[in-house]
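A.B. asks: Quick one, fold the following:
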Amino acid sequence: MPWCEECSKFWNPNSMPPDGTCPSCGRVIGEPPSQSVPWHFWLLVIGVVVYLGWRCVQLFQWLVGSGHAAIAAILGVITAALVCWLAVWWLRSRRDNATEHHAGTGARGVSAAGGGAVGAVDRGAGDGGAGDGASDRGAGDGGAGDRD
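C.D. replies: You can find the predicted model right below:
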């Protein structure tokens, strides 16, 4: 348990900020926790994927063997489409994450600090902003569009 000399207090690692500083005085009292996933988790994931993959092979064998080849073909096409969609989604998310960390801006023009899109004005939908056709001052408040 991390000890803060300045506060004279033991701190629970779960109650500390992720950077390892004391919540009271801000002094560094512990190392930041590791954010990596343990190796045995990935071993479990691989085992589950192999098991479920084998069960899918057995399902297709059973469907073809019992005279349901059309259903097996339809399920095969749906499975292939799902796998392709997941692969594209994963690759795009990796590319977007890589571009967000590169040079401080994301692929969609969002800064790493959480700013808005490049060149966009924060107007909202239908709130009287310049982009929705309403007066910038609002309706009926003496704006240029209210004169007789």
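
A.B. asks: just the CA coordinates of stretch 84-91, formatted as CSV?
C.D. replies: C-alpha atoms of stretch 84-91 as CSV (Å, rounded to 0.1, in the frame of the first residue of the first chain):
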residue,chain,number,x,y,z
CYS,A,84,-15.4,-10.0,-43.2
TRP,A,85,-17.4,-7.2,-41.6
LEU,A,86,-15.7,-7.7,-38.2
ALA,A,87,-12.3,-7.7,-39.9
VAL,A,88,-13.0,-4.4,-41.7
TRP,A,89,-14.4,-2.9,-38.5
TRP,A,90,-11.3,-4.0,-36.5
LEU,A,91,-8.9,-2.7,-39.2
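
A.B. asks: Can you pull out the residues in contact with that stretch?
C.D. replies: By Cβ atoms under 8 Å, 6 or more residues apart in numbering, no surrounding residue is in contact with stretch 84-91. Bear in mind the C-beta positions are built from the backbone N, C-alpha and C, glycine included.

A.B. asks: Quick one: list the elements packing against the strand or helix carrying residue 51.
C.D. replies: Element membership for residue 51 (DSSP states H and E) is helix 39-65. With contacts defined as 3 or more Cβ pairs under 8 Å, 6 or more residues apart in numbering; DSSP states H and E, helix 39-65 has these neighbours: helix 69-101.

A.B. asks: Can you list the buried residues in the helix it packs on?
C.D. replies: Within helix 69-101, the residues scored as buried using 16 or more other Cβ atoms under 10 Å are 72, 100.

A.B. asks: Same question for stretch 56-73.
C.D. replies: By neighbour count with 16+ other Cβ under 10 Å, stretch 56-73 contains the buried residues 60, 63, 72.

A.B. asks: Now flag whichever of these is closest to residue 10.
C.D. replies: Relative to residue 10, the closest of the buried residues of stretch 56-73 is residue 60; by Cβ to Cβ it sits at 58.2 Å.

A.B. asks: Next one: the closest one from residue 87, what distance?
C.D. replies: Counting by Cβ to Cβ, to the nearest Å, the gap between residue 60 and residue 87 amounts to 20 Å.
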